[in-house]
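Q: Below is the structure, and that's it, no one-letter string:
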């Protein structure tokens, strides 16, 4: 199962664009509300998550996705459930994805050390040991993206890993009506 964690203050586009793309690709994605089912983004848009974080226990993720935004990223980082999901993902070599400020969570845990990664400008200090640059960057089982403007590329890269490059290319063409 694919789990996208949402915490109050998340960047709406960074969550909803990749979520939409993954569901269009036929992937089973569950949104996990940190602290409740109704989560309000950094721009006042409230969404209803599929499940609350307390229901996440003992799940084995195929993929963990962390959208950025402030204070959403700080709220994700403060969640023991988010850290347990990352631990589980690391143990099983699941895909780990973070966009905007959220790569700081991965960087603080050392997950990005020695990897190519990116983040929102100003958060580079948290990516110690990473080779920083690019818009949507995949390095092994980790995908990071620079921010809201790269949400489409971020989502397409996730689909490429989980469904194959051909499926991602077809989806990209379909959403752009090419």
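A: Arrived safely, thanks for sending. All figures in this text were calculated on a predicted structure; none of them were measured in a lab. Numbers count the residues shown, from 1 in each chain.
Q: tell me which strands and helices the helix or strand encompassing residue 22 is in contact with?
A: Taking DSSP states H and E as the definition, one finds residue 22 inside helix 12-24. Taking 3 or more Cβ pairs under 8 Å, 6 or more residues apart in numbering; DSSP states H and E as contact, the helices and strands that helix 12-24 lies on are strand 2-6, strand 29-33, strand 46-48, strand 95-99, helix 151-163, helix 165-175. In this view, the C-beta of every residue, glycine as well, is placed from N, C-alpha and C.
Q: Around residue 71, count how many other residues there are.
A: Neighbouring residues of residue 71 were enumerated by other Cβ atoms under 10 Å; the total is 15.
Q: what's the burial count for the closest residue to it other than its chain neighbours?
A: In space, residue 71 comes closest to residue 9 once its chain neighbours are excluded; the distance is 3.9 Å by Cβ to Cβ, 6 or more residues apart in numbering. When neighbours are defined as other Cβ under 10 Å, residue 9 has 19 of them.
Q: Under a three-state scheme, what state does residue 9 occupy?
A: coil (DSSP: H, G, I helix; E, B strand; the rest coil).
Q: Roughly how far does it sit from residue 100?
A: Residue 9 is 12 Å from residue 100, where distance means Cβ to Cβ, to the nearest Å.
Q: okay, and the common contacts of those two?
A: Among the neighbours of residue 9, those also in contact with residue 100 (Cβ atoms under 8 Å, 6 or more residues apart in numbering) are 69, 73.
Q: about what we covered before: may I have the residues that are in contact with the residue nearest to residue 71?
A: If a contact means Cβ under 8 Å, 6+ apart, then residue 9 has 40-42, 69-75 as its contacts.
Q: Give the buried residues for stretch 121-129.
A: Using 16 or more other Cβ atoms under 10 Å as the burial criterion, the residues of stretch 121-129 that qualify are 123-124, 126-127.
Q: ditto for stretch 43-57
A: Taking 16+ other Cβ under 10 Å as the basis for neighbour counts, the residues of stretch 43-57 that come out buried are 47, 49, 52-53, 56.
Q: for stretch 149-159, same thing?
A: Within stretch 149-159, the residues scored as buried using 16+ other Cβ under 10 Å are 150-159.
Q: same thing with stretch 169-178?
A: The neighbour-count check on stretch 169-178 (16+ other Cβ under 10 Å) flags 171-172 as buried.
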